[in-house]
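S.K.: okay, structure incoming, though there's no sequence with it:
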């Protein structure tokens with residue numbers, strides 16, 4: 001290829017332009033390297049964290065939330081610097097968060113836990129029973145009454161329907177009673193959370209306290225009033241390991257990995273002196289110091 005043709009190659013133009021941009025960027029940032037072993041969280045950076053949080057959540061962060069934002073910023077700075085030391089930024093022009101992610105990927109590889117033993121899983125289940133608790137189930141029927149339609153006669157109408165539904169030997173069909181609605185007249189053997197989802201938390205809470213085998217009411221929901229019949233109730237319980245082994249093993253592994261990642265981060269943090277301007281001896285500094293110990 002002749003020199004003239006080579007000079008017309010778009011690829012050559014791209015390479016030259018990239019080299020120029022890289023050189024300009026390096027020249028403009030030649031004094032910007034952070035002081036090794038020292039991290040300073042300025043009041044300007046803290047204010048930026050506060051403003052960013054407000055922009056996302058439409059409210060200012062609480063002191064505890066701001067502490068978390070600052071600690072997360074320090075974590076990001078530590079992991080970004082360590083990633084740069086390892087040269088992880090040389091093959092990929094990415095933002096600071098990407099460098100942090102790379103360090104965390106490395107930490108995950110280093111922290112890959114061994115296969116849990118039966119004793120490990122039993123212990124984990126015993127320590128975290130609420131994570132694996134089998135939810136109570138219920139079979140519930142309901143008759144809806146619209147307060148706007150019944151007005152002052154609502155109490156009278158409730159009493160009349162309850163008497164009819166609970167009369168011995170009654171053949172009343174509950175689906176044909178009450179006011180028209182799109183709500184399910186019966187939920188058969190469903191989790192209590194499903195009752196909550198369809199009728200609301202207050203309704204589900206009241207249903208949990210009702211006896212079985214009898215129409216009761218009125219039970220209030222956000223839609224109006226209901227007459228309720230609890231046909232069957234299965235209490236919640238903590239399962240045996242055999243029933244939830246796969247889930248317990250997964251959560252045990254995740255917990256071990258998080259613990260190892262935290263130890264990895266704290267080990268790196270020991271190489272840095274963290275200064276948070278404006279509060280050198282405040283709660284935030286103490287919290288960060290506690291992480292290093």
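M.R.: Now that the structure is in, tell me what you want to look at. This one's a predicted model, so the numbers in the text were calculated from it and none came from an experiment. Numbering: from 1, shown residues only.
S.K.: longest helix in this protein, please.
M.R.: Ranked by number of residues, the top helix in the chain under DSSP state H is helix 241-269.
S.K.: mind checking the pLDDT average for the helix or strand following that helix?
M.R.: Moving toward the C-terminus from helix 241-269, the next helix or strand (DSSP states H and E) is strand 273-276. Average pLDDT, strand 273-276: 87.
S.K.: now the longest helix of the chain: how far from the chain's centre is it?
M.R.: 16 Å (C-alpha atoms, centre = their mean, to the nearest Å).
S.K.: pull out the buried residues from it.
M.R.: 244, 248-249, 251-253, 256, 260-261, 264-265, 268-269 (16 or more other C-beta atoms under 10 Å). Every C-beta, even on glycine, is put in place using the N, C-alpha and C of the backbone.
S.K.: buried set for stretch 170-177?
M.R.: Neighbour counts over stretch 170-177 (16+ other C-beta under 10 Å) mark residue 174 as buried.
S.K.: contacting residues around that stretch?
M.R.: 141, 143, 161, 164, 165, 185, 186, 215, 227, 229 (C-beta atoms under 8 Å, 6 or more residues apart in numbering).
S.K.: of the residues you listed, which is the most crowded?
M.R.: The residue in those with the most neighbours, by other C-beta atoms under 10 Å, is residue 143 (25 neighbours).
S.K.: any idea of the mean pLDDT in the helix or strand where residue 69 lies?
M.R.: Here residue 69, judged by DSSP H and E, is contained in helix 63-85. Averaging pLDDT along helix 63-85 yields 90.
S.K.: name the helices or strands packed onto it?
M.R.: strand 38-41, helix 43-57, helix 96-110, helix 241-269, helix 283-292 (3 or more C-beta pairs under 8 Å, 6 or more residues apart in numbering; DSSP states H and E).
S.K.: wait, which of those is closest to residue 235?
M.R.: helix 241-269 (15.5 Å; C-beta to C-beta).
S.K.: what angle sits between that closest one and helix 63-85?
M.R.: 70 degrees (axes from the mean of the first three to the mean of the last three C-alpha atoms, to 10 degrees).
S.K.: by contact count, what packs against helix 241-269?
M.R.: Helix 241-269 packs on helix 63-85, helix 96-110, helix 118-127, helix 129-132, helix 283-292, going by 3+ C-beta pairs under 8 Å, 6+ apart.
S.K.: can you lay out these as TSV showing mean neighbour count and distance to residue 274?
M.R.: Formatted as TSV, the helices and strands packed on helix 241-269 follow (neighbours: other C-beta atoms under 10 Å; distance: least, C-beta to C-beta, whole Å):
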stretch	mean neighbour count	distance to residue 274
helix 63-85	17	6
helix 96-110	16	16
helix 118-127	14	32
helix 129-132	12	34
helix 283-292	14	5
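S.K.: including distance to residue 172, could these go into JSON lines?
M.R.: What follows is the helices and strands packed on helix 241-269, written out as JSON lines (distance: least, C-beta to C-beta, whole Å):
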{"stretch": "helix 63-85", "distance to residue 172": "55"}
{"stretch": "helix 96-110", "distance to residue 172": "62"}
{"stretch": "helix 118-127", "distance to residue 172": "47"}
{"stretch": "helix 129-132", "distance to residue 172": "41"}
{"stretch": "helix 283-292", "distance to residue 172": "64"}
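S.K.: run the chain-centre distance for stretch 148-163.
M.R.: For stretch 148-163, the distance to the chain centre is 44 Å (C-alpha atoms, centre = their mean).
S.K.: buried residues in it?
M.R.: Residues 150, 154, 157, 158, 161, 162 are the ones in stretch 148-163 that count as buried (16+ other C-beta under 10 Å).
S.K.: now, the most widely separated pair of those?
M.R.: For the buried residues of stretch 148-163, and using C-beta to C-beta, no pair is farther apart than 150 and 162, which are 13.9 Å apart.
S.K.: before we move on, what SS does residue 148 have?
M.R.: At residue 148, secondary structure determined by DSSP: H, G, I helix; E, B strand; the rest coil is helix.
S.K.: name the nearest residue to it, sequence neighbours excluded.
M.R.: Excluding the flanking residues, the one nearest residue 148 by C-beta to C-beta, 6 or more residues apart in numbering is residue 224, at 7.9 Å.
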